Structure formats: C-alpha cells, structure tokens
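> turn this into a structure:
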Amino acid sequence: MIQYSMTTKIKTIIWDLGAVLIDWNPRHLYRKLGKSDKEIEWLLANVMTSDWNHQMDAGKPFEIGVAELSEKLPEHREMIEAYWERWPEMITGPMKDTVEILNLLDGKGLPMYALTNWSDETIGFVNHYEFFKKFKGILVSGEEKLAKPDPEFFQLLFDRFQIEPTSSLFIDDNTANIETAKNMGVQSVPFQGAQHLKSTLIEIGLL
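Numbers count the residues shown, from 1 in each chain. Next up is the predicted model:
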C-alpha cells in the first residue's frame, strides 16, 4: 500500500511537464553525438549541469548561458553549443502513459493547470501537443522569470488562476519542488512513473 492521506477533497490538479508529461532528457541528444553513458553522466554532472540549465529555465537567454559556459570551459564548447543548437533532439514527445492519466482526470471534470520550469525560448517546441488543451492555465518559468522551487512561483499560479492550495494536488518528479508545495499546504505526489501515479490516484479516490 502507498498510504497517502489527503486531508482535503481535491478540486484541482497541478502538473509538472518535463519528465512527467514530456520525455525531455539531454541524454537523448548526447547519445546521438556518440557519447557513452559514462561520458554523458560526467558532462551533465560537471558541465551542462542542472543548476546551469535552471538559469535558462528562469529566463536567461540560451545564447548568453552557452557563451558564458563555453568561455569558462572551452574544451567542452562543442557539447555546450549542441545543448542549444540541437535542443529539440532532447525531446522524444509526450509520455503517453502519463498523458492517459491526465485524460482520465480531465474526464472526471477536475480543472488542471501546469507549473513548469521551462525556458521561454524552448516551450514553443512542445506546447502544440494535444494535451496542452486540457490545461485551464499554465505558468512557464522562463516567461515569468520565476522558477520552482521558489514559493513565489507557486503563489503566482494560485493568485493568477484563483486556485486554493489546500484543495489542490501537485504532481512533480523533483523532490525540492514537492517539498515547497507541501510547505504551502498543497497535497502532493512525487512522480515515480505512470503506474505508481495511477495506483496512488486510485488509492486516494481520484481514479
């Protein structure tokens, strides 16, 4: 048993996008570029790090982020530049099993929103996916110049769309984001795959 305890009836679902509804992963690109898994993990841990990517999610232009990092680590310039020049190759498309769950929740009449750390320069590569039509609203960090896990980004969502945090369910794969949501009174489920999510939603009575 997963044993989730929902203290208030859920009236709203708030979704993360990357690695939850959209298969975004830099590894897809770097495998195409002939890098071994070991080399890729080193690059993502030491060069194109999550902290560096977060800067673009928060609104820094890729051109500036790439130039700064290339100047700092010129020996990795080719891989750094590929991160932006071939960014679409990091995407394989929607995660169908999770989108199916989103559609089931939508069929039950639950309003859904998205709160995503995503660059304003790259959101256009994915926002044509059909499931985006299910969202009553979406906040993109690169557009708002705020990003998770900053509580201000969550509060902006609540204020803009008049969402009651305590009757909302937040789904995200990032532990820090989940913790912020919980601290703000939002009932939250860490994403650990579509099957785990579906089982959890069944357990708490949403499916």
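
> CA only for contacts and neighbour counts going forward, please
Fine.

> residue 159: neighbour count?
The local packing of residue 159 (other CA atoms under 10 Å) involves 10 other residues.

> which SS class is it?
helix (DSSP: H, G, I helix; E, B strand; the rest coil).

> measure it to residue 108 for me?
Relative to residue 108, residue 159 is positioned 24 Å away (CA to CA, to the nearest Å).

> and after the helix or strand that contains residue 171, which helix or strand comes next?
According to DSSP states H and E, residue 171 maps onto strand 168-172. Where DSSP H and E defines the elements, the next helix or strand beyond strand 168-172 is helix 175-183.

> next, the angle strand 168-172 makes with that following helix.
Orientation check (axes from the mean of the first three to the mean of the last three CA atoms, to 10 degrees): helix 175-183 against strand 168-172 gives 170 degrees.

> what's next to helix 175-183, contact-wise?
Outside helix 175-183, the residues that touch it by CA atoms under 8 Å, 6 or more residues apart in numbering are 148-151, 154, 170-172, 187-190.

> what is the rounded mean pLDDT of that helix?
Averaged over helix 175-183, pLDDT sits at 97.

> which pLDDT value belongs to residue 3?
Per-residue pLDDT puts residue 3 at 45.

> how about residue 9?
In this model, residue 9 carries a pLDDT of 89.

> coming back round to it: among the contacts of helix 175-183, which lie within strands?
Among the contacts of helix 175-183, the ones falling in strands (DSSP state E) are 170-172, 187-190.

> biggest separation within the residues you listed, which pair?
Farthest-apart pair in the ones in strands among the contacts of helix 175-183 is 172 and 187; separation 11.5 Å (CA to CA).

> what's the local residue count around the spatially closest residue to residue 140 that is not a sequence neighbour?
Once flanking residues are discounted, residue 140 sits nearest to residue 116: 5.3 Å by CA to CA, 6 or more residues apart in numbering. By other CA under 10 Å, 22 other residues sit near residue 116.

> so how far is residue 159 from residue 176?
Residue 176 is 21 Å from residue 159, where distance means CA to CA.

> show me where the protein has helices.
Listed in chain order, the helices of the chain (DSSP state H) span residues 26-32, 37-46, 50-57, 62-72, 77-85, 96-107, 141-144, 151-161, 175-183, 194-203.

> low-confidence regions, this protein specifically.
Scanning the chain for pLDDT under 70 picks out 1-7.

> mind listing what residue 125 touches?
With contact set as CA under 8 Å, 6+ apart, residue 125 has these partners: residue 88.

> report the residue ranges of every domain in the protein.
Structural domains assigned to the chain are 12-21+95-203, 25-90, following automatic domain parsing.

> please identify the deepest-packed of these.
The highest average neighbour count among these, using mean count of other CA atoms under 10 Å, belongs to domain 12-21+95-203 at a mean of 17.

> next one: that domain to chain centre, how far?
Computed by CA atoms, centre = their mean, to the nearest Å, the chain-centroid distance of domain 12-21+95-203 equals 8 Å.
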